[in-house]
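Trainee: sequence unavailable; structure follows:
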C-alpha cells in the first residue's frame, strides 16, 4: 500500500474539486440549454397557432417562470403539481407518455 504525503493529498483533493466543479458547471449549463429548448418549443407552438413571435417567447418564458415559482412557493412535489393540471386520458397525459417512450 502506498502512503501519500500531505502535499500529494492536497494536490489530489484540489484536482478532484476542480474536476467536480467543472462537471457541475457543465451539467448546469446543459440543464439551462434544455430549458431554453423547452421555451423555444413552446414559443414555436404558439407561433404555429397564430401568435406573434415576440409575444410567443414572452408567454413561453412566463410559463416556465410560473411553473418554477409554483414548485418553490407551494412546497408541493412537482408530480403533484403535474397531476393537478392533467386529466385522466387527457391530451397532456397522452403527450407526456408518447414522448417518454
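Mentor: That came through fine. Keep in mind it's a predicted model, so treat the numbers as computed, not measured.
Trainee: now the helices: where do they sit in this protein?
Mentor: Along the chain, the stretches classed as helices by DSSP state H are 6-48, 53-74, 78-84, 91-100.
Trainee: please tell me I have it right and residue 38 contacts residue 63.
Mentor: No: the pair residue 38 / residue 63 is not scored as a contact, 9.2 Å apart, by Cβ atoms under 8 Å. Heads up, the C-betas are built off the backbone N, CA and C, glycines and all.
Trainee: weakest of the helices of the chain in terms of mean pLDDT?
Mentor: Ranked by mean pLDDT, the helices of the chain end with helix 91-100 at the bottom, a mean of 65.
Trainee: what about residue 74, neighbour count?
Mentor: 12 (other Cβ atoms under 10 Å).
Trainee: go on, residue 38?
Mentor: Neighbour count for residue 38, taken as other Cβ under 10 Å: 14.
Trainee: quick one, what contacts it?
Mentor: When contacts are counted by Cβ atoms under 8 Å, 6 or more residues apart in numbering, residue 38 is found next to residue 64.
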